[in-house]
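Enquirer: How does the following fold in three dimensions:
(one chain, ligands or ions: 2)
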Amino acid sequence: MSDPNDETPAGYASPPCLMHEVDPAYSGLANTADPSQKADVQRWRKAERDRLVKARLAAPLEQRKAWGATIAERLADAIGDPAGLTVSAYWPFRGEPDLRGLLKQVIAGGGRAALPVVVAKATPLIFRTWEPRAPLERGVWNIPIPAEGAEEVTPDVVISPVIGFDPDCYRLGYGGGFFDRTLAALPQRPRVFGVGFTLAAIPTIYPQAHDIPMDCVVTEEAVVHPRET
Ligand SMILES: Nc1nc2c(c(=O)[nH]1)N(C=O)[C@@H](CNc1ccc(C(=O)N[C@@H](CCC(=O)O)C(=O)O)cc1)CN2
Ligand SMILES: Nc1ncnc2c1ncn2[C@@H]1O[C@H](COP(=O)(O)OP(=O)(O)OP(=O)(O)O)[C@@H](O)[C@H]1O
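Expert: Numbers count the residues shown, from 1 in each chain. Ligands and ions are numbered 1, 2, ... in the order given. The predicted structure follows:
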């Protein structure tokens, strides 16, 4: 008979984890001088991205819609009065929460909505204003972007979709390094809200020297702030 106090797992409850492949000498922030450690982290991140995107898409569409609506409400509360603010979100992709309704609310409340645009690999994102029915073009990965001619703006609030996030509010994204480069390059740091589902919470993303934590991460269950150290 099984002992209810026995915490030994009976089998794998989740897909195999590659955490053991990260160098055991890893201890917090990266030693960027060690290329093998960097390669290990990149390999681990790639596998973790694949796992988390699959887990996200495995949640039923109706469930994701309901979670997205809750996230949008929490974000609206957290942003407060949008009058005069430029708020950037994103065009939803691969099961990300759909926050286009929130962008419409921002516009109705006297703010401006913006979407990110990839200009080139390994360069910061730029932001262009967006409103419903504005002309769109296809950007990288065919993600729609406001067509050339839309005003380029600097956001006061950046809403950033996560594939994964950790208790210090570090973000695991699609692997282009775009958000970190963008935050590093902006003249003034905007308020940065990560958004994702609870299933995207992981113990660590193995933060590297270039990773910049977000102010908080909004999920369907909570607003997560970086833990106190
Ligand atoms: N909906 C949405 N729009 C968004 C983002 C997002 O996360 N979600 N982005 C958030 O930043 C930007 C696009 N991010 C991208 C990130 C990586 C690659 C890319 O080409 N990745 C390589 C893999 C890189 C690697 O693993 O070394 C590839 O797929 O070949 C493209 C776009 C802007 N728009
Ligand atoms: N500010 C930066 N300066 C130089 N290189 C950077 C910077 N930010 C990120 N990179 C590089 O970009 C690559 C991808 O970074 P990372 O794994 O953090 O991507 P990501 O945050 O998951 O992707 P994204 O932000 O596009 O969704 C790494 O090789 C990293 O060294």
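
Enquirer: Kindly confirm my reading that residue 158 is in a strand.
Expert: Yes: looking at residue 158 with DSSP: H, G, I helix; E, B strand; the rest coil, it is inside a strand.

Enquirer: so what's it up against?
Expert: 88, 179, 182-183, 190-193 (C-beta atoms under 8 Å, 6 or more residues apart in numbering). Backbone N, C-alpha and C define where each C-beta goes, glycine included.

Enquirer: May I ask which of those residues has the most neighbours?
Expert: Counting neighbours by other C-beta atoms under 10 Å, residue 88 leads the contacts of residue 158 with 27 neighbours.

Enquirer: Give me the phi and psi for that residue.
Expert: phi -100, psi 130 (degrees, to the nearest 10).

Enquirer: Distance of it relative to ligand 2?
Expert: When distance is defined by C-beta to the nearest ligand atom, to the nearest Å, residue 88 is 14 Å away from ligand 2.

Enquirer: So what pairs up with that residue in the strands?
Expert: Under the criterion DSSP bridges, residue 88 forms beta bridges with residue 114, residue 158.

Enquirer: who are the neighbours in contact with it?
Expert: Shown in contact with residue 88 (C-beta under 8 Å, 6+ apart): 113-116, 127, 155, 157-159, 190.

Enquirer: switch to 10 Å and redo it
Expert: Counting by C-beta atoms under 10 Å, 6 or more residues apart in numbering, residue 88 makes contact with 103, 106, 112-116, 125, 127-130, 153-160, 182, 190, 192.

Enquirer: Give me the pLDDT for the nearest residue to residue 72 once chain neighbours are set aside.
Expert: Leaving aside its chain neighbours, residue 72 sits nearest to residue 102 (4.5 Å; criterion: C-beta to C-beta, 6 or more residues apart in numbering). At residue 102, the model reports a pLDDT of 98.

Enquirer: Show the contacting residues for residue 102.
Expert: For residue 102, the contacting residues are 68-69, 71-73, 75-76, 79, 82, 87, 89, 113, 159, 195, by C-beta under 10 Å, 6+ apart.

Enquirer: Kindly reformat the contacts of residue 158 as a markdown table containing distance to ligand 1.
Expert: Below are the contacts of residue 158 laid out as a markdown table (distance: C-beta to the nearest ligand atom, whole Å):
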| residue | distance to ligand 1 |
| --- | --- |
| 88 | 10 |
| 179 | 5 |
| 182 | 8 |
| 183 | 11 |
| 190 | 15 |
| 191 | 17 |
| 192 | 12 |
| 193 | 13 |
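
Enquirer: picking up where we left off before, in which helix or strand does the residue nearest to residue 72 reside?
Expert: Assigned by DSSP states H and E, residue 102 belongs to helix 100-108.

Enquirer: Is any residue of that helix near ligand 1?
Expert: No: for helix 100-108, no contact with ligand 1 is found by C-beta under 6 Å from any ligand atom; the gap never falls below 10.9 Å.

Enquirer: Could you export that helix as CSV, CA atoms only?
Expert: What follows is helix 100-108, C-alpha atoms only, in CSV (Å, rounded to 0.1, in the frame of the first residue of the first chain):
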residue,chain,number,x,y,z
ARG,A,100,-6.3,44.0,-27.7
GLY,A,101,-9.4,44.8,-25.8
LEU,A,102,-7.3,46.5,-23.1
LEU,A,103,-5.5,48.6,-25.8
LYS,A,104,-9.0,49.8,-27.0
GLN,A,105,-9.8,50.7,-23.4
VAL,A,106,-6.6,52.7,-23.2
ILE,A,107,-7.5,54.6,-26.3
ALA,A,108,-11.1,55.2,-25.0
